[in-house]
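**Q** Just to be clear, the model below is a prediction. Sequence and coordinates:
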Amino acid sequence: MRILILGGTSFLGRHLVLAAKTRGHAVTLFNRGKTGPDLFPDVEQIRGDRDGGLSALEGRTWDVCIDTSGYLPRVVRQSVAALRQSVQHYVFVSSVSVYADFAVVGIAEEYPVARVEDESTEDIGQFYGALKALCENEVVSGFGPDHALIVRPGLIVGPYDPTDRFTYWVRRFAQGGRVVVPESPDRPIQLIDARDLAEWMLTLCENQVTGVFNATGLVPPLTMGRLVDALMNTLPAASEVEWLPEDFLLEHEVAEWSELPLWISDAANWPGFETVSVDRALAQGLTFRTIEDTIGATWEWDLTRNQAAPMKAGLTPERERELLADWDNQHA
């Protein structure tokens, strides 16, 4: 297969390239050359800006385009228009964040998506999900349902993750000591290893599958307690888990999802965010490696990075010590 990847050198795109090369596909990357410009010297790379600078793609054809970097409908509309006659299959990486309401458990692909009153807005921070939904519309409108594949991942984790949302937990447990963890152990969490997602997406492309698919996991379902056990059993340091209750964390204004990644409080009333249905993806062959495998690979990769550099997510050491001190004082 001849595959064009819009992006391809950051996180999921990087794993897509590695998997595609292993499978013997011919890969072309189109990006600005700002992230990982020295990666994949044996892969064709076309430089350009997908926002107004797509002319370098003219006169070329591919079997499939995988769009890993579309966030604004205006920009996605340009790539769809430029490639409509050049590729047979357009794959758009969306997000489970497109859904309108996470108060419902077991959200399936037919569930209503978020809307934004001003569809010209480009405020990704405030309207990320709604804008992703509009990007999906551009792809399906341009290519038609018979040539469009929409993949809605949950939290993507593993090596090369630029967000540190999962890597925080791996590094923190690898350091050992008392670790602040949000209650409760039976709270469900969903995530997907970027390598599993990449392999599955390529299989869909090879089989020319179209439609919309949620893509998160794990199966069987993962809980915070199961994740903690896996972290403690996989990493070498001795850790003492301090399960702190939600009311304490909220009282101390701990930021959900950022200071304590994977935590969304019951007060947010988002039970559906970590219980999205992946039945349709499972029926199309989505499989998952063990959480221990993901932890180990993430740890090995993280060790190659500067351990003194601040992480983009998670509690700082000072903040964690303050929380533990206040907790101890309340229970002295």
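**A** Looks like it came in fine.
**Q** how far away is the nearest residue to Val157 once chain neighbours are set aside from Val116?
**A** Using Cβ to Cβ, 6 or more residues apart in numbering and skipping the chain neighbours, the partner closest in space to Val157 is Phe166 (3.7 Å). (Each C-beta comes from the backbone N, C-alpha and C, glycine too.) Distance of Phe166 to Val116, given as Cβ to Cβ, to the nearest Å: 29 Å.
**Q** Ok, Arg47 next?
**A** In terms of Cβ to Cβ, Arg47 sits 32 Å off from Val116.
**Q** same check, this time on Gly7
**A** Distance, Gly7 to Val116, using Cβ to Cβ: 24 Å.
**Q** between these two, who's got more neighbours?
**A** Using other Cβ atoms under 10 Å as the criterion, Gly7 and Val116 rank with Gly7 on top: 23 against 15.
**Q** Now do the phi/psi pair for the more buried one.
**A** With angles defined as degrees, to the nearest 10, Gly7 sits at phi 110, psi -130.
**Q** Who are the contact partners of it?
**A** The neighbours of Gly7, taking Cβ atoms under 8 Å, 6 or more residues apart in numbering as the test, are Gly13, Leu29, Phe30, Asn31, Asp67, Thr68, Ser69.
**Q** Please give the element, helix or strand, for the first one.
**A** Looking back up the chat, that one is Gly13. Using DSSP states H and E, Gly13 sits in helix 12-22.
**Q** Next, the buried residues of that helix.
**A** Buried residues in helix 12-22, defined by neighbour count with 16 or more other Cβ atoms under 10 Å: Leu12, Gly13, Arg14, His15, Leu16, Val17, Leu18, Ala19, Ala20.
**Q** so what's Val276 scoring on pLDDT?
**A** pLDDT recorded at Val276 is 98.
**Q** and it, what helix or strand is that in?
**A** Applying DSSP H and E, one finds Val276 in no helix or strand.
**Q** contacting residues around it?
**A** Shown in contact with Val276 (Cβ under 8 Å, 6+ apart): Val96, Tyr99, Gly106, Ile107, Gly154, Gln190, Asn214, Thr216.
**Q** Could you grab the helix/strand/coil label for Val179?
**A** Following DSSP: H, G, I helix; E, B strand; the rest coil, Val179 is assigned to strand.
**Q** isn't it right up against Tyr168?
**A** No. The criterion here is Cβ atoms under 8 Å, and Val179 misses it with Tyr168 at 10.6 Å.
**Q** Regarding the residue nearest to Phe143 when sequence neighbours are not counted, what is its secondary structure?
**A** Distances taken as Cβ to Cβ, 6+ apart place Tyr90 nearest to Phe143, at 4.7 Å, with adjacent residues excluded. With three-state DSSP as the basis, Tyr90 sits in strand.
**Q** Assign Ala198 to helix, strand or coil.
**A** Following three-state DSSP, the label given to Ala198 is helix.
**Q** list the contacts for it?
**A** Ala198 makes contacts with Leu12, His15, Leu16, Leu18, Ala19, as judged by Cβ under 8 Å, 6+ apart.
**Q** which stretches of the stretch 201-332 of the chain form helices?
**A** For the stretch 201-332 of the chain, the helices defined by DSSP state H, counting those that start in this stretch occupy 224-234, 246-251, 279-283, 291-302, 317-330.
**Q** Compare those and give me the one nearest Ala82.
**A** Smallest distance to Ala82 across those (Cβ to Cβ): 28.9 Å, for helix 279-283.
**Q** what helices or strands is that closest one leaning on?
**A** Applying 3 or more Cβ pairs under 8 Å, 6 or more residues apart in numbering; DSSP states H and E, we find helix 279-283 packed against strand 211-215.
**Q** Go ahead and name everything in contact with the strand it packs on.
**A** Outside strand 211-215, the residues touching it (Cβ under 8 Å, 6+ apart) are 96, 107-109, 136, 145, 149-154, 192, 197, 200, 204, 276-278, 280-281, 284, 286.
**Q** do that again at 6 Å, thanks
**A** Residues outside strand 211-215 that contact it (Cβ atoms under 6 Å, 6 or more residues apart in numbering): Val96, Glu109, Ile150, Val151, Arg152, Pro153, Leu197, Val276, Val278, Arg280, Ala281.
**Q** tell me which of the contacts of Ala198 is nearest to Arg84?
**A** Arg84 lies nearest to Leu16 out of the contacts of Ala198, by Cβ to Cβ, at 21.7 Å.
**Q** contacting residues for the closest one?
**A** Applying Cβ under 6 Å, 6+ apart to Leu16 gives the contacts Ala198.
**Q** any idea how far it is from Met201?
**A** Distance from Leu16 to Met201, counting by Cβ to Cβ: 7 Å.
**Q** ditto for Ala268
**A** Applying Cβ to Cβ, the value for Ala268 to Met201 is 30 Å.
**Q** what do you get for Arg47?
**A** Where Met201 is concerned, Arg47 sits at a distance of 24 Å (Cβ to Cβ).
**Q** Repeat that for Glu44.
**A** As judged by Cβ to Cβ, Glu44 and Met201 stand 20 Å apart.
**Q** Looking at the two, which one has more neighbours?
**A** Comparing Glu44 with Met201 by other Cβ under 10 Å, the one with more neighbours is Met201, at 27 against 13.
**Q** residues in contact with Trp62?
**A** Listed by Cβ under 6 Å, 6+ apart, the contact set of Trp62 reads Arg2, Leu4, Val87.
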